[in-house]
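Visitor: Sequence first, predicted model second:
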Amino acid sequence: MHLRRLILTNFKNYEKQVIDCSPDINGYVGLNGMGKTNLLDAIYYLCMGRSYFRFTDLNLVRHGEDFFRLEGLFSIEERAEKIVAKVGKGRKKVLERGDVPYQRLSEHIGLLPVVIITPDDTSIVNEGSEERRRFVDNTLSQLDPIYLRHLITYNKVLKQRNSALKQMAANNRYVPDLLSVYDEQLLAPAAYIHEQRQSFTVDFEPELRRLHFVISGEREQVTCRYKSQLLEEELSTLLQQRREKDRILQRTTAGIHRDDWVFEIEERPLKKFASQGQLKSFVLALKLTQYNWLKKEKKSSPLLLLDDIFDKLDHQRVQHLLELLTQGEYGQVFITDTAQDRLSKILSNLKTQYLQFVIFNGTAEPSSS
Amino acid sequence: MNFSSKLIEEAVNAFASLPGIGKKTALRLVLHLVGQEEEVSENFANAIVKMRKGIKECSICHNISDDDICQVCANKSRDHSLVCVVESIRDVMAIEDTGQFRGVYHVLGGVISPIEGVGPSDLNISSLVHRVQQGEIKELIMAISPTIEGDTTIFFISKQLADHEVKVSTIARGISFGGELEYADELTLGRSIVSRIPYRVRE
């Protein structure tokens, strides 16, 4: 599976841009703020139906315009697939496959598997549990449409339940029956999500360890443990027990929306004890594990988007990463960098086909070198 | 839009305040009325005022009605032990148009959705429970949208009726008539297979 051509209209700082892509490696060079990352986000958007960097749809529209359009011509097993995303002010966002709009955006997820690696990914370890759930959900949703559907249902019911708790407090009118209904509606999606997250963690960990070793060159053992209230107690019991607490706090205090993952290095929490270097190695290993996992389960190589990682990673880790890339384990790759000579050197060492573009103020020009 | 007349402008604004009517359509309607006899506009306005002043809510089922009790509830030949529970008046009209239903209705006025500020007490649920308590009703057919909020509403109502001997059913959800299997979404197709119906050969 690969992207053959990308067409951007009014997307971030691009007015109109057509980019032809190499099925192997694509390099985008330019100074900061010129729009390299926006290109990667455009590709991510076509795969996942939204921005990786959590821009709202309207914030992706070029300044002063009132819509954007993204078109990607993909090849999936020799078959051409045209994906178009259209967002405009006051209109519903549309995502089309072969000129037919999707009824639900979620139906698109998984068709074009993608993994993006950015300098900010250390937030997966450093920030709150939401970041880790987002990472796991992103991975599992691309593999299992049922997981995604249950997740959407769970989140909707949860929102209604929390809203009901707030209103009951505001109106001073407690309706236990309604809470029981929401509890009941949470159970089936929660059970499925919990089970998938559990088995995912078990399968994920060995590969994470292996890749962490390759990248860091260190022998330290990393582990990854799934933490969930549901491991201790049935959700129905938990919800029952915490009814009073939920009422007082006006939100749902038990459920899979509180799940977390604990990453450890030599049995110590990575969050507290890892050096900056160790942290970067770990996150890179995490993302490449995600890549390998998707590749194995999907039986096709996901798109790999590498944002500015040569700038942020030290020489040794870059070398390890490049070794992985040259081993031919990867499909189509998009790399951005600020230094043209560095990227040219790296790409020419890879001995595979590559296309390089220079990005300047929202325009992309093929580069001769 | 520039109007040469204040009167026209007011009339256009009035029409344009209705759902689905924009300024241009509103102007077309107004100019049409200008071209007609005065009487046409008078009759038109009277019909609306008469409707609005006279329209009532049925005290039994909350359907719209000319009288205190709507035509459906007043009809003795309909089956009053079979009640179809719907979200809105439009659903009553849709089901009536099928000609397949000979029972009576109960209009909830929406579904439970606290996000939109709609709690159980904002809907006609207690009057439904009251109707069931009177003992005449044998079955409630929940003809409610197959959404999460719809499910919440059905579930909540059934809980309120747990102590009563009334059968609660929901309308079938599945492949639409004349639809083709390959175009049905996974969820619908999956559910349709799970809740399949025994096939009987007609005698």
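Guide: Received, thanks.

Visitor: can you give me the helices for chain B?
Guide: B:6-16, B:23-35, B:38-54, B:71-74, B:89-98, B:126-133, B:148-160, B:186-194 (DSSP state H).

Visitor: if you skip the residues just before and after it, what's nearest to residue B:67?
Guide: residue B:56 (6.6 Å; C-beta to C-beta, 6 or more residues apart in numbering or on different chains). Any C-beta I mention is one placed from the backbone N, CA and C, and that applies to glycine too.

Visitor: likewise residue A:104?
Guide: residue B:185 (8.0 Å).

Visitor: about what we covered before: to chain A, which of the helices of chain B lies closest?
Guide: Smallest distance to chain A across the helices of chain B (C-beta to the nearest C-beta): 4.4 Å, for helix B:148-160.

Visitor: buried residues in the closest one?
Guide: Neighbour-count burial for helix B:148-160 flags B:148-157 (criterion: 16 or more other C-beta atoms under 10 Å in any protein chain shown).

Visitor: Please go through these and note which also touch chain A.
Guide: Among these, proximity to chain A is found for B:148-149, B:151-152, B:155-156 (C-beta under 8 Å from any C-beta of the partner chain).

Visitor: re the thing from before, for the residue nearest to residue B:67, what are its contacts?
Guide: Residues in contact with residue B:56, defined by C-beta atoms under 8 Å, 6 or more residues apart in numbering or on different chains, are B:64-68.

Visitor: mind running it again at 7 Å?
Guide: By C-beta atoms under 7 Å, 6 or more residues apart in numbering or on different chains, residue B:56 lies in contact with B:65-68.

Visitor: what does residue A:200 give?
Guide: A:136, A:140.

Visitor: so which strand or helix has it?
Guide: Element membership for residue A:200 (DSSP states H and E) is helix A:176-216.

Visitor: Report the closest residue of chain B relative to chain A.
Guide: For chain B and chain A, the shortest gap (C-beta to the nearest C-beta) falls at residue B:114, measuring 3.7 Å.

Visitor: dump the residue contacts of that residue.
Guide: With contact taken as C-beta under 7 Å, 6+ apart, residue B:114 is in contact with A:160, A:163-164, A:167.

Visitor: could you redo the last one with a cut-off of 10 Å?
Guide: Counting by C-beta atoms under 10 Å, 6 or more residues apart in numbering or on different chains, residue B:114 touches A:159-168, A:178, A:182, B:120, B:122, B:149, B:152.

Visitor: hmm, which of those residues are the buried ones?
Guide: For the contacts of residue B:114, a burial check counting by 16+ other C-beta under 10 Å picks out A:160-165, A:167-168, A:178, A:182, B:120, B:149, B:152.

Visitor: Distance to residue A:275 added to the residues you listed, as a markdown table?
Guide: Converted to a markdown table, the buried ones among the contacts of residue B:114 look like this (distance: C-beta to C-beta, whole Å):
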| residue | distance to residue A:275 |
| --- | --- |
| A:160 | 44 |
| A:161 | 42 |
| A:162 | 39 |
| A:163 | 43 |
| A:164 | 46 |
| A:165 | 43 |
| A:167 | 48 |
| A:168 | 48 |
| A:178 | 50 |
| A:182 | 45 |
| B:120 | 55 |
| B:149 | 50 |
| B:152 | 50 |
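
Visitor: For residue A:234, state which of those residues is nearest.
Guide: residue A:182 (16.2 Å; C-beta to C-beta).

Visitor: Who are the contact partners of the closest one?
Guide: By C-beta under 10 Å, 6+ apart, the contact list for residue A:182 reads A:157-158, A:160-165, A:239, A:252, B:112, B:114, B:148, B:152, B:155-156.

Visitor: between those, which is nearest residue A:343?
Guide: Relative to residue A:343, the closest of the contacts of residue A:182 is residue A:158; by C-beta to C-beta it sits at 44.4 Å.

Visitor: thinking that closest one is in contact with residue A:239, fair?
Guide: No: using C-beta atoms under 10 Å, residue A:158 is not in contact with residue A:239, being 11.2 Å away.

Visitor: Common neighbours of the two, please.
Guide: Taking C-beta under 10 Å, 6+ apart as the criterion, residue A:158 and residue A:239 both touch A:182, A:186, A:190, A:252, A:255.

Visitor: Report the spatially closest residue to residue A:354, excluding sequence-adjacent ones.
Guide: In space, residue A:354 is closest to residue A:25, 4.0 Å off (C-beta to C-beta, 6+ apart).

Visitor: Please name the residues that touch the one you found.
Guide: Contacts of residue A:25 by C-beta under 10 Å, 6+ apart are A:304, A:306, A:325, A:330, A:332-335, A:346-347, A:350, A:352-356.

Visitor: Check residue A:87 too.
Guide: The contact partners of residue A:87, taken as C-beta under 10 Å, 6+ apart, are A:10-11, A:45, A:56-58, A:60-61, A:66-70, A:93-95.

Visitor: at 7 Å what do you get?
Guide: Each residue near residue A:87 by C-beta under 7 Å, 6+ apart is listed here: A:57, A:60-61, A:67-68, A:93.

Visitor: Name the residues of chain A found near chain B, please.
Guide: A:149, A:153, A:156-157, A:159-160, A:163-164, A:167, A:175, A:177-178, A:180-182, A:184-185 (C-beta under 7 Å from any C-beta of the partner chain).

Visitor: rerun that using 6 Å as the cut-off
Guide: A:156-157, A:160, A:163-164, A:167, A:177-178, A:181 (C-beta under 6 Å from any C-beta of the partner chain).

Visitor: How about the residues of chain B by chain A?
Guide: Residues of chain B lying near chain A by C-beta under 6 Å from any C-beta: B:114-115, B:119-120, B:148, B:152, B:155-156, B:159.

Visitor: and if we set it to 7 Å?
Guide: B:113-115, B:119-120, B:148, B:151-152, B:155-156, B:159-160, B:187.

Visitor: Out of the residues you listed, which one has the weakest pLDDT?
Guide: Minimum pLDDT for the residues of chain B next to chain A is recorded at residue B:187 (76).

Visitor: how much space is there between that residue and residue A:339?
Guide: 49 Å (C-beta to C-beta, to the nearest Å).

Visitor: in what helix or strand does residue A:81 lie?
Guide: Residue A:81 belongs to strand A:79-88 when assigned by DSSP H and E.

Visitor: For chain A, which segments count as helices?
Guide: All helices of chain A, identified by DSSP H, fall at A:36-48, A:123-126, A:129-143, A:145-171, A:176-216, A:235-241, A:243-249, A:270-273, A:276-298, A:309-312, A:315-324, A:340-349.
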